[in-house]
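1. Build me a structure from this.
(4 chains)
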Number of protein chains: 2
Amino acid sequence: MAVTIKDVARAAGVSASTVTRALTMPALVHPETRDRVRRTAASLGYHPNRAARGLITGRTGNLGLLVPDLGNPFFPSVVKGVQARAHEADYAVFLADTDEDSAAEIGLVRKLSQQVDGLLLCSPRMTDDELRTLVGDTPLVLVNRRLARVPSVIPEFLDGMRQAVSHLTALGHRRIGYVAGPRSSWANRERARSARTVSAAAGAELVEIGSVAPQFEGGVAAADQVLAAGVTAVIAYNDLVALGLLNRFTARGVSVPGDLSVLGFDDIPLAAMVHPALTTVALPKEQSGRAAVDLLLQLLADPDRSPAARRELPTQLMVRASTGPAPVHPAPKPAPAESAPLGSAGPP
Amino acid sequence: MAVTIKDVARAAGVSASTVTRALTMPALVHPETRDRVRRTAASLGYHPNRAARGLITGRTGNLGLLVPDLGNPFFPSVVKGVQARAHEADYAVFLADTDEDSAAEIGLVRKLSQQVDGLLLCSPRMTDDELRTLVGDTPLVLVNRRLARVPSVIPEFLDGMRQAVSHLTALGHRRIGYVAGPRSSWANRERARSARTVSAAAGAELVEIGSVAPQFEGGVAAADQVLAAGVTAVIAYNDLVALGLLNRFTARGVSVPGDLSVLGFDDIPLAAMVHPALTTVALPKEQSGRAAVDLLLQLLADPDRSPAARRELPTQLMVRASTGPAPVHPAPKPAPAESAPLGSAGPP
DNA sequence: ACGGAGATCGCCAACGTTTTCATGCATTCT
DNA sequence: AGAATGCATGAAAACGTTGGCGATCTCCGT
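-> The predicted model follows:
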C-alpha cells in the first residue's frame, strides 16, 4: 500500500541500507548517490514508517501530555505551547484529559508510557508517593509541580504573590482574603504558603477561606464567606474562582472594586473579557509548555545528565479593573443575600 | 528492558503464538492454558508492544484530532468528548492545533496520517478542494463541516437558528443583526444562510454586519457597527464574538438587554459566567466529539460500508440574561464613544 | 479398529526499518 | 610493490508481534 524503503531503494538502484543512510546519516554516503536517493524518495513521497523505526530504535518520536481538565482555560494554553515546541522538534503529542481523577491519571500514565519517549505531567493530582512510583519508569517532566529529584517547570509563585500583595497594600488594603483551591493541589499549597509569607512581610493580615473546587462554581460558593470575613480585598486560587466570586458579588450588589477588590491567578484569556476586567497574576502558560518540552528533549538526548533540572519562569501582575483603593469603611455591610439573577450556572 | 511476549511464553511454558492467542483470540486455546498464560502475563506486567503489533496488523490504535485553535473554549470541549470516547475504545489520540492556518493544517494531516488509523478534522479551515485531496488518503471524519460523500458530524444549525430567532421575535424584535465570522468558515456560511432563511420566515428583517475574527476582539471591533445599524437585537457568530460585543456595549453605556439584546452561538462554559449571562444556542460539543469517534471507528471496522454517514445533532437555546423584550424606542441613541475602561484586551 | 473431524498448540515467515559486519575498491604510506 | 588505510556500499540480523500452516492428540462414528 504505502511506499516503503525498498521501493525507494529499487527506484534509485541502491540497497535499503543506503537509503536509510542517505536520509538519516548523510555524511556516510557519496554526495551524488545521496542526492539521487533523496530525490527519488521525495518524488515517490516516501516517509519512513515510524512504527518500524521505533521497533528497532526503541524511540517512538511521540510525547505524552496529561492535563487534569481541558475545561479550565489554563490548560489549553499550556497544551498549545507543548504542541508548538514538540512539532518544531518533529515529535507528535498524545493528549489525555484525566478529568481531575488521580486514579485515572495513573492508569493513563501507564498506558501512555509504552507508546511515548517521555511524558509531561501538567498539574498532576496524584500524591507525591504515587508520583514517585511512576518516576524511573519513563522519562518525565512535571509542569506546575515540584518534587525532589524530578525535572520540573514551575512559575515563580512567591514572586507573583509578592506582586499581588504589594499591589493591594499599596492600595491601602490591610486585611486580605485568600480563597484556597483543592487541598491536594501542590499549586494551592504553594500559593497559600506564599500568601502567608508575603503578607506577613508586608504587614497585612491574611484570612484563609475554605477550600473549593478550582472552578467557577467554587468561587460562587466561597463568595459569601468572603463577604462575612470582613476583608477589603481577596486573592483567589485561580481566575475561574475569581470569576465565580465576581459573579456572586455582582448578584449581591457588592461593588468591585468599590467595596471589595478581587485578584486572580493564571490570566486566562477571559480574565480580560469580563466586566470589570480581572486583575490577575499572569502565569507563563505557553512558555511553560515549551520549556517543559525542551527539558524533556534534553533529558531524552542525555539521560544521565542533570537528574533534576528545574526551571522557574517569571510571573507578571496584570492590573485591570477589579482592584482599587481600599474603601474608607473597611468592613462593607452587604445587603442580605437575595435570590439574585445568577444566570443558569454552567452548561447542561 | 521491557517484558516481551517471549518472556511470558517462557514463564508460562508455551510458545509465543499461544500467548498471542490466549490474549487476543481466547476461543482458540484450552481454557486451562489460557488462564495460566493470562495470569503469568499479568504478573509479569506484560503489555504488547503496539509498534510491533502495528507493524504487522497495519493498525496503530491511534486517532488524530486536528483543531484550529485550542484558545477558543469551544474546541477543548470537543477534544474532551473525543478523548473520552477514544479511551473507552482503547484508542490513544494525537492532538494538533493548527493555529487557524490552513496550510499548516494540510501539512499536519499528512504527517499525522501515517501514524494513525483515522483522522478527525474539527472545523477545518481549508477549502473544499484541499479537503478533497486528503480524503481517500486516510479514513477521515469531519466535525462541524459538511462535504459531499465524506462522513461528518454537524449540529442542526438551522434548527438552532430557528430557536434563536423565534425567541427574539417573541420578545418583539423585528430588526435583527447578524455579526458574521470568517468568510472562509463553513460554519459561518451555514449560520448566515440559516439566519436569512429563518428570519425571512419569521417576518423579521436581518442586517448582516461585517466579517470578523471568531474571537473576543472581533466582537469588540464589530460593536459600533452594530449600534449604528439600528437593530434591537444581535446574533453573533459565536460566543466569543458575543462577549466582545457585550464588553464594548458596557463600555459605551448601552444597556443589555435593556437597549439591545445579544445572543451567541456555542454555549462555551464562560457564557454563563459573565454578567449579564449570555443567552446562546448550545451546540453539542462533547457529544460531537464522541459521535465523531463512533463514526470513525465504525468506518475503520467496515471500510466499504456507508461511504458518507452523516450525523446531525440537536442544538438547544439557553435563555439567560442578555436577551429581553425589544425596547419601545426601537433605535437606541447611544452616547458618543468615549475612551472607556475596556480593560487591557487579551493576553500579552 | 480405522479414518476423519475437531481441538490445541508450535514453527516460521513476515511487517519496515536500523544497524552491525563484511566486502570491494581506490588511495596512500613505507 | 606490497600492505595498510579509508570510503562507499551491500547483506543480513534484529526489534516484538501476528497469522498461516502444519503437527499432534483426542474423540466419535462406522
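2. Tell me which residues touch residue A:221, please.
-> A:210, A:212, A:244 (Cβ atoms under 8 Å, 6 or more residues apart in numbering or on different chains). Bear in mind the C-beta positions are built from the backbone N, C-alpha and C, glycine included.
3. What pLDDT is listed against it?
-> Residue A:221 is assigned 96 on the pLDDT scale.
4. in the one helix or strand it maps to, what counts as buried?
-> Assessed by DSSP states H and E, residue A:221 sits inside helix A:216-228. Buried residues in helix A:216-228, defined by neighbour count with 16 or more other Cβ atoms under 10 Å in any protein chain shown: A:216-223, A:226-227.
5. now that helix, how far from the chain's geometric center?
-> Centroid separation between helix A:216-228 and its chain, computed with Cα atoms, centre = their mean, to the nearest Å, is 24 Å.
6. Tell me the helices and strands packed up against the helix or strand following that helix.
-> Once the chain leaves helix A:216-228, the next helix or strand it forms, by DSSP H and E, is strand A:233-236. For strand A:233-236, the elements it packs on are helix A:157-170, strand A:175-179, helix A:239-252, strand A:261-266, judged by 3 or more Cβ pairs under 8 Å, 6 or more residues apart in numbering or on different chains; DSSP states H and E.
7. Which single residue of the stretch 51-200 of chain A approaches DNA strand C most closely?
-> With Cβ to the nearest atom of the strand as the measure, residue A:52 is the residue of the stretch 51-200 of chain A nearest to DNA strand C, at 3.3 Å.
8. wait, I meant chain A
-> Counting by Cβ to the nearest atom of the strand, chain A gets nearest DNA strand C through residue A:5, at 2.9 Å.
9. correct me, but that residue touches residue A:18?
-> No - counting by Cβ atoms under 8 Å, residue A:5 stays clear of residue A:18, with 9.9 Å between them.
10. ok, which stretches of the stretch 51-200 of chain A are helices?
-> A:74-88, A:102-113, A:128-134, A:157-170, A:186-202 (DSSP state H, counting those that start in this stretch).
11. will you turn these into JSON lines that also has mean pLDDT and mean neighbour count?
-> Formatted as JSON lines, these follow (pLDDT from 0 to 100; neighbours: other Cβ atoms under 10 Å in any protein chain shown):
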{"stretch": "helix A:74-88", "mean pLDDT": "96", "mean neighbour count": "23"}
{"stretch": "helix A:102-113", "mean pLDDT": "88", "mean neighbour count": "18"}
{"stretch": "helix A:128-134", "mean pLDDT": "91", "mean neighbour count": "15"}
{"stretch": "helix A:157-170", "mean pLDDT": "97", "mean neighbour count": "20"}
{"stretch": "helix A:186-202", "mean pLDDT": "96", "mean neighbour count": "19"}
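12. circling back to that earlier point, out of the contacts of residue A:221, grab the one that's most surrounded.
-> residue A:244 (25 neighbours; other Cβ atoms under 10 Å in any protein chain shown).
13. do you know which of the helices and strands packed on strand A:233-236 lies nearest chain B?
-> Each of the helices and strands packed on strand A:233-236 was scored for nearness to chain B using Cβ to the nearest Cβ, and the closest is helix A:239-252 (5.0 Å).
14. can you tell me if the closest one touches chain B.
-> Yes - Helix A:239-252 lies within reach of chain B by Cβ under 8 Å from any Cβ of the partner chain, at A:243-244, A:246-247, A:250.
15. Torsion angles phi and psi at residue A:257?
-> Phi and psi for residue A:257, reported as degrees, to the nearest 10, are phi -100, psi 10.
16. tell me which strands and helices the helix or strand of chain A with the lowest mean pLDDT is in contact with?
-> The least trusted helix or strand in chain A, going by mean pLDDT, DSSP states H and E, turns out to be helix A:102-113, with a mean of 88. On a contact count with 3+ Cβ pairs under 8 Å, 6+ apart, helix A:102-113 meets strand A:62-67, strand A:92-97, strand A:118-122, helix A:128-134.
17. who in the stretch 51-200 of chain A is up against DNA strand C?
-> Counting by Cβ under 7 Å from any atom of the strand, the residues of the stretch 51-200 of chain A close to DNA strand C are A:52-53, A:55-57.
18. Tell me the one of the buried residues of helix A:216-228 nearest chain B?
-> residue A:216 (5.2 Å).
19. So what's the predicted local confidence for the closest one?
-> 94.
20. now swap in residue A:72 and tell me
-> 91.
21. Give me the spatial nearest neighbour of it, chain neighbours excluded.
-> Distance criterion Cβ to Cβ, 6 or more residues apart in numbering or on different chains; nearest residue to residue A:72, sequence neighbours excluded, is residue A:240 at 6.3 Å.
22. Check residue A:326 too.
-> The nearest residue in space to residue A:326 (Cβ to Cβ, 6+ apart) is residue A:172, at 3.8 Å.
23. go on, residue A:197?
-> residue A:158 (7.1 Å).
24. Residue A:99 too?
-> residue A:69 is the one closest to residue A:99 (Cβ to Cβ, 6+ apart), at 6.5 Å.
25. now residue A:287
-> Residue A:287 sits nearest to residue A:313 (Cβ to Cβ, 6+ apart), 5.7 Å away.
26. Quickly list what the one you found is bridged to.
-> residue A:155 (DSSP bridges).
27. what is the orientation angle of the least confident helix or strand of chain A with strand A:92-97?
-> Relative orientation of helix A:102-113 versus strand A:92-97 (axes from the mean of the first three to the mean of the last three Cα atoms, to 10 degrees): 160 degrees.
28. now what about helix A:102-113, what contacts it?
-> A:64, A:66, A:68, A:94, A:96, A:98, A:119, A:121, A:124-127, A:130, A:134, A:137-138, A:184, B:87, B:92.
29. 10 Å instead, please
-> Outside helix A:102-113, the residues within contact range by Cβ atoms under 10 Å, 6 or more residues apart in numbering or on different chains are A:62-68, A:94-99, A:101, A:116, A:119, A:121, A:124-127, A:130-131, A:133-134, A:137-140, A:184, B:45, B:47, B:83, B:87, B:90, B:92.
30. Next, the contact list for the residue nearest to residue A:326, please.
-> For residue A:172, the contact set (Cβ under 10 Å, 6+ apart) comprises A:232-233, A:261, A:324-328, A:330.
31. interface residues of chain A facing DNA strand D?
-> So far as Cβ under 7 Å from any atom of the strand goes, chain A lies against DNA strand D at A:13-18, A:21, A:28-30, A:32-34, A:52, A:55-56.
32. Pull the most distant pair out of the residues you listed.
-> For these, the farthest-apart pair by Cβ to Cβ is A:32 and A:55; their separation is 31.3 Å.
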